[in-house]
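Visitor: Show me how the following folds:
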Amino acid sequence: MASPFIEALTEFINTEQDTQNRQLLEIWQQPVGKRVAAGEAVDSVEVLEILPHRATLRARFNNSKFRPNDNLRLSFDAPLSGFAVTCILEDEQNEILRISPGYRSSFFNLVRGGGYTLDRDQIDVRYLLLNFLKNLAGNPEQEYRFRAMLDGQLLPAFNAQRLQQAAQSISKLAFNPSQAEAFTRAFAAENYYLIQGPPGTGKTWVLAQLAHQLAQDGERVLITAFTHRAINNALRAIGQKTGNRQLVKVGPYHQADDLAWDEWQVPNVERLEQSPYHPSATGFIVGATPYALCTSRLNNVKFDTVIYDEAGQMNLPLALVGMQSANRAIFIGDHQQMPPLITAEHQREWVKQSIFEQLFRHTSGTMLDITYRMNTAINTFPSRQFYAGRLTAHPSASDRRLSLPEQPKRYATLLAPDPAAIFITLDHRGNGMRAPQEAELAANLAAEAFRCGLPANEIAIVAPYRAQGRLIRQQLQTIAAQQNLPGLLTIVVDTVERIQGQERDLVILSLTTSDPQHAAERAAFYFQPNRLNVAITRARRKRIVIGSPHLFETQISDPILQSWVGIFKALYVESTIIPWNAYEANLDPGIRAEQ
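Guide: Numbering: from 1, shown residues only. Have a look, this model is predicted:
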């Protein structure tokens, strides 16, 4: 009989997957018009070209929430029966979408022409995790070790000789004191260690140097994370920052499009056996998701160290899969940023927490405490709100300001170097997942900054909902066509979840919602402090928040959720507030700084 620990994790996995499947089934059963209106489908899709491993589609009216790498289902408005092809969205440019075949699928029966519908699809691979838990139940010693770590009975232990070895290594590296401590303790840890990396504190730099040094020491190192994007980013950083070429990514090819840089490209293979590295070899670094450890991709490969990036997003079952593959586990993340993606309701609070948050309760490890990203004005609020005032801006960043090569003809005050953290208030009401007024202003601000010489790759626009992001992209497309500025189309416009790990000189955040009832119904998602922290800490030089003050009228019976509304209100109050109506009317804008 399985232990209560195994049973709880088994229930968590099944409840999560069952809930996702049920929600998707409910969506599929809705009329296509309702699915389209909710952003869960695209109708009137035309198949333009069919190749063995790629098809090109045209969707003239696409207001979906879909994004690259989503699993989709192409059918004649019959996702539940009849003809249906599972596929993966590779990329989207205006009306054109490109897809590749999905899991165990092909385009053999696909024909050119119109009348298709694209719906979301669901891949149920829970059996991989359930099989792992079944095997874990048969290994009481390993299960006890995991439970002892999570309960705080087993704390990090360190090897004295490796502490000295690490101390010699850091003399050659440009570490600040907290980075040096994190590297030294992680390198010398005999079982596990935590490194908390708030925004811009160089956690990827520490990860790269740590992985490189461990591999140089002859270890087999696994780099893992919840997303392929995070893994690819870590591998790329290791290659770029250390020159290490003993790297390989193990995973599907459609998840390997961002492994290249100017000098080199991390090779990607479907299974480790296709790489130059034999499982018994030493001194190499592999990047893969925990799922790969449950399949032929990496099954039965034993590592010396597993390093988790973005460990604050890693749920417990996935984390345990990685931990069983190595003698040592290093968790690099931040429980104040994006948490695990949880779909269902769970009675046990602990099963919903990330591995990082679970371990942090008993051993906080090392917090990297100097941000090289945010200037002091941008850093002040998140440091006080999320990091007990311990996060400080490095002198190289503290006074940096937005400087445009050309003087703006529009929005000169809004795009001025100071103030660096502003909140523009638009007096709209009743908006939920879309706010056209905010989309228009966000796009125009970004376009003016771009026209004045700020590179597109130094601008990002963030929104809580994909529907709002799509409105903003449509506005940018219109402006690009009208002003002959094709470079505008390369500006990143994305949700908070997708923007974590990125940074820009100018970041514009559209809060979108101005319907208090809508906000209250989605409060657990919308007002989540972790998501706000990520959104407001992407900017280096200038942060512009756009929103309606009516959002702060939201009333929620749950005191915790209501306190989250208060955090949003505090950001508003502590920013430099610019009422848009007064500014637009060219009157006294009523700027007041209450920082």
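Visitor: Would you mark the buried spots in the helix or strand hosting residue 381?
Guide: Per DSSP states H and E: residue 381 is located in helix 376-386. Residues of helix 376-386 classed as buried by neighbour count (16 or more other CB atoms under 10 Å): 376, 377, 378, 379, 380, 381, 382, 383, 385, 386. Every residue, glycine included, has its C-beta placed from N, CA and C.
Visitor: Kindly provide the distance from the third one to residue 409.
Guide: To tie it back to what came earlier, the one meant is residue 378. 26 Å (CB to CB, to the nearest Å).
Visitor: can you list the buried residues of helix 376-386 in JSON lines and add distance to residue 19?
Guide: Converted to JSON lines, those look like this (distance: CB to CB, whole Å):
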{"residue": "376", "distance to residue 19": "43"}
{"residue": "377", "distance to residue 19": "42"}
{"residue": "378", "distance to residue 19": "37"}
{"residue": "379", "distance to residue 19": "38"}
{"residue": "380", "distance to residue 19": "39"}
{"residue": "381", "distance to residue 19": "35"}
{"residue": "382", "distance to residue 19": "32"}
{"residue": "383", "distance to residue 19": "36"}
{"residue": "385", "distance to residue 19": "31"}
{"residue": "386", "distance to residue 19": "29"}
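Visitor: can you list those in JSON lines and add pLDDT?
Guide: Shown next, in JSON lines, are the buried residues of helix 376-386 (pLDDT from 0 to 100):
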{"residue": "376", "pLDDT": "98"}
{"residue": "377", "pLDDT": "98"}
{"residue": "378", "pLDDT": "98"}
{"residue": "379", "pLDDT": "98"}
{"residue": "380", "pLDDT": "98"}
{"residue": "381", "pLDDT": "98"}
{"residue": "382", "pLDDT": "98"}
{"residue": "383", "pLDDT": "98"}
{"residue": "385", "pLDDT": "98"}
{"residue": "386", "pLDDT": "98"}
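Visitor: of those residues, closest to residue 369?
Guide: Among the buried residues of helix 376-386, residue 383 lies closest to residue 369 (CB to CB), at 9.4 Å.
Visitor: With adjacent residues omitted, what lies nearest to that closest one?
Guide: Distance criterion CB to CB, 6 or more residues apart in numbering; nearest residue to residue 383, sequence neighbours excluded, is residue 391 at 4.0 Å.
Visitor: what does residue 229 give?
Guide: residue 258 (7.0 Å).
Visitor: Mean pLDDT per element in this protein, and the minimum belongs to which helix or strand?
Guide: Taking mean pLDDT, DSSP states H and E as the measure, strand 592-593 is the helix or strand of the chain with the lowest mean score, a mean of 38.
Visitor: where does residue 541 land in three-state SS?
Guide: Following DSSP: H, G, I helix; E, B strand; the rest coil, the label given to residue 541 is strand.
Visitor: What distance do you get for it to residue 300?
Guide: Taken as CB to CB, the span from residue 541 to residue 300 is 49 Å.
Visitor: distance of residue 206 from residue 146?
Guide: Relative to residue 146, and taking CB to CB, residue 206 is found at 25 Å.
Visitor: Look at those two and report which has more neighbours.
Guide: The residue with more neighbours, out of residue 206 and residue 146, is residue 206; 24 against 19, by other CB atoms under 10 Å.
Visitor: Confirm the more buried one sits in a helix?
Guide: Yes - assessed with three-state DSSP, residue 206 lies in a helix.
Visitor: From what I see, it and residue 368 are in contact.
Guide: Yes - between residue 206 and residue 368 there is a contact under CB atoms under 8 Å: 7.1 Å.
Visitor: Now do the shared contacts for the two.
Guide: Residues touching both residue 206 and residue 368 (CB atoms under 8 Å, 6 or more residues apart in numbering): 179, 182, 195, 197.
Visitor: What residues does the last one make contact with?
Guide: I take that to be residue 197. Here residue 197 is in contact with 203, 206, 332, 333, 334, 368 (CB under 8 Å, 6+ apart).
Visitor: circling back to that earlier point, which of residue 541 and residue 300 has more neighbours?
Guide: When residue 541 is set against residue 300 and neighbours are counted by other CB under 10 Å, the residue ahead is residue 541, at 22 against 8.
Visitor: what's near enough to touch the more buried one?
Guide: So residue 541 contacts 375, 378, 400, 401, 402, 403, 417, 420, 505, 506 (CB under 8 Å, 6+ apart).
Visitor: What pLDDT does the model give the fifth one?
Guide: Translated: residue 402. Here, the pLDDT recorded for residue 402 equals 97.
Visitor: Assign a three-state SS to residue 105, would you?
Guide: Per three-state DSSP, residue 105 ends up coil.
Visitor: Name the nearest residue to it, ignoring sequence neighbours.
Guide: For residue 105, the spatially nearest residue (CB to CB, 6+ apart) is residue 86, at 4.3 Å.
Visitor: just residue 539 next, same as before
Guide: According to CB to CB, 6+ apart, the nearest residue to residue 539 is residue 507 (3.8 Å).
Visitor: Could you do residue 218 as well?
Guide: residue 282 (4.5 Å).
Visitor: Look up how far residue 168 lies from the one you found.
Guide: For residue 282 relative to residue 168 (CB to CB), the value is 21 Å.
Visitor: between the two, who's got more neighbours?
Guide: Ranked by neighbour count (other CB under 10 Å), residue 282 and residue 168 place residue 282 first, with 13 against 8.
Visitor: Residue 220 is in contact with the more buried one, correct?
Guide: Yes - between residue 282 and residue 220 there is a contact under CB under 8 Å: 6.3 Å.
Visitor: picking that back up, pull the CA atoms of the helix or strand where the residue nearest to residue 539 lies into CSV?
Guide: Assigned by DSSP H and E, residue 507 falls within strand 504-510. The C-alpha coordinates for strand 504-510 follow below in CSV (Å, rounded to 0.1, in the frame of the first residue of the first chain):
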residue,chain,number,x,y,z
ARG,A,504,13.8,45.7,-21.7
ASP,A,505,14.8,49.4,-21.4
LEU,A,506,11.1,50.3,-21.7
VAL,A,507,8.3,48.2,-20.5
ILE,A,508,4.6,49.2,-20.8
LEU,A,509,2.1,47.3,-18.7
SER,A,510,-1.6,47.4,-19.7
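Visitor: average model confidence for that strand?
Guide: The model assigns strand 504-510 a mean pLDDT of 98.
Visitor: cool, and stretch 468-477?
Guide: 93.
Visitor: Much appreciated, bye for now.
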